[in-house]
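Novice: how would this look folded up:
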Amino acid sequence: MNKIRLKPITKLLSERKKLVNQLPKMDEILRATISKNFLTCGTKGCHCHLKDGKKHGPYYYLSYIKDKKLKTFYIPKKLRKKVKINVKNYNKFWKLLCEICDINRQMLWKEEKNKSVK
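Specialist: Below you'll find the model as predicted:
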């Protein structure tokens, strides 16, 4: 069985507090992905229909899954920066949450180990 090396509880508490303080604000988080698309239009003879023709765009779309269905929406230019920040914040939130969970797990093991020693 693997032996887990546990940090002192004070160090774990300090590390967890630092991570919690880095969490983004909950109203600035979006769980989604952003895609950049170049499209062809419906106008016959437009340059976008040529083999090497330049497509229209880029157009940015926000995609997420809700009720097991993929939802996709166009992101207006005026919202693009905010949406990108919110999606980035979600990824940061998830990474920090995983690190906090690792610390919590270590604290539980440490607590259990201390109980068994007494």
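Novice: residue contacts, the closest residue in space to residue 25 that isn't next to it in sequence?
Specialist: Among residues not flanking residue 25 along the chain, residue 89 sits closest, at 7.8 Å (Cβ to Cβ, 6 or more residues apart in numbering). Every residue, glycine included, has its C-beta placed from N, CA and C. For residue 89, the contact set (Cβ atoms under 8 Å, 6 or more residues apart in numbering) comprises 24-25, 28-30.
Novice: So which of those are in helices?
Specialist: Among these, none falls in helices (DSSP state H).
Novice: Narrow these to those that are buried.
Specialist: 24, 29-30 (16 or more other Cβ atoms under 10 Å).
Novice: and these as TSV, adding pLDDT and distance to residue 9?
Specialist: Formatted as TSV, the buried ones among the contacts of residue 89 follow (pLDDT from 0 to 100; distance: Cβ to Cβ, whole Å):
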residue	pLDDT	distance to residue 9
24	97	27
29	97	30
30	97	35
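Novice: so can I have TSV of those showing distance to residue 58?
Specialist: Formatted as TSV, the buried ones among the contacts of residue 89 follow (distance: Cβ to Cβ, whole Å):
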residue	distance to residue 58
24	26
29	24
30	19
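Novice: Distance check, residue 41 against residue 110.
Specialist: Plainly put, residue 41 is 62 Å away from residue 110 if you go by Cβ to Cβ, to the nearest Å.
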